[in-house]
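Colleague: One predicted model, sequence on top.
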Amino acid sequence: MPLERAIEQSEQWMIRSSNLADGLDISSATQIRVAAALFHLCTEHQQAVHTLANHGLMGSAFALLRPQFEAYVRGVWYHRCATDDQLDVFIKGAESPRIDQLLSDIAKIADFNGESLIATKTGIWGVLNDFTHGGSVQVRARLAPTEIARNYKTEHIVGMLRWSSILSFMGYVGMASIAENDLLANKLRDCFHSIYAGDI
């Protein structure tokens, strides 16, 4: 797929999903607001990934994939797994549990496919860390025979944009779920499939 088409799809999703979710009514309960804030962060990261990629800043766009994934996982965990004490200490500034613990707890949710999140994390975590922390993947993408310059492969950029949009979709559906708004969730699904039909 041409990069221009992937950027166009990413932009369509960014604008249309944001418009659909704008003004969503969220409960004032702490657990709901914490989870919603994390899902919102997940969707905002997609907007940043798109904007950075659209301006050719691919390394910085790739670096946001891990925090975007983590924001989604934490959103699910704080919504479905966290105790009141865990919510309280998190709000006061404590670290979240490590991602393997979050995913282990999520996998125990009866009506949630946590195993797919574990499989995703297992498959790409090393690469995500490399992108985020300036590892060899980021370095190799800048090494040309006679200069240091951005040299990311088109198929990798297309994949990044798609995966970021998928995570954003999951984040928005998470917010719709929190708000018990099935109509919004269905509209988001229809919107996503209309943009990415046949490509994902």
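Modeller: All right, it came through fine.
Colleague: In this structure, which residue sits furthest out from the middle?
Modeller: Distance from the centre of the chain peaks at T146, with 35.5 Å (C-alpha atoms, centre = their mean).
Colleague: Backbone dihedrals for it, please?
Modeller: Per-residue torsions, T146: phi -120, psi 0 (degrees, to the nearest 10).
Colleague: Run through who's touching the least confident helix or strand in the chain by mean pLDDT.
Modeller: The weakest-scoring helix or strand in the chain, judged by mean pLDDT, DSSP states H and E, is helix 136-140 (a mean of 90). Helix 136-140 is contacted by residues G59, F62, A63, V127, D130, F131 when judged by C-beta atoms under 8 Å, 6 or more residues apart in numbering. Yep, even glycine has a C-beta here, placed from its N, CA and C like the rest.
Colleague: For that helix, list every residue counted as buried.
Modeller: Buried residues in helix 136-140, counted by 16 or more other C-beta atoms under 10 Å: V137, Q138.
Colleague: Quick check: next helix or strand after that helix?
Modeller: Sequence-wise, the next helix or strand downstream of helix 136-140 (DSSP states H and E) is helix 154-178.
Colleague: still on that earlier bit, Provide a ChimeraX selection command restricted to the buried entries of the contacts of helix 136-140.
Modeller: Under the burial definition 16+ other C-beta under 10 Å, those of the contacts of helix 136-140 that qualify are selected in ChimeraX by:
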select :59,62,63,130,131
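Colleague: then the least confident helix or strand of the chain to CSV, C-alphas only?
Modeller: Once non-C-alpha atoms are left out, helix 136-140 reads as follows in CSV (Å, rounded to 0.1, in the frame of the first residue of the first chain):
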residue,chain,number,x,y,z
SER,A,136,19.2,-0.7,17.5
VAL,A,137,16.0,-0.7,15.4
GLN,A,138,15.9,3.1,15.6
VAL,A,139,19.7,3.3,14.8
ARG,A,140,19.5,0.9,11.8
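Colleague: roughly how far is stretch 146-155 from the heart of the chain?
Modeller: In terms of C-alpha atoms, centre = their mean, to the nearest Å, the gap separating the centre of stretch 146-155 from the centre of its chain is 25 Å.
Colleague: and the end-to-end length of it?
Modeller: Terminal residues of stretch 146-155 are spaced 23 Å apart (C-alpha to C-alpha, to the nearest Å).
Colleague: mind listing what's buried in it?
Modeller: Y152.
Colleague: How about stretch 121-130?
Modeller: So, applying 16+ other C-beta under 10 Å, buried residues of stretch 121-130: K121, L128, D130.
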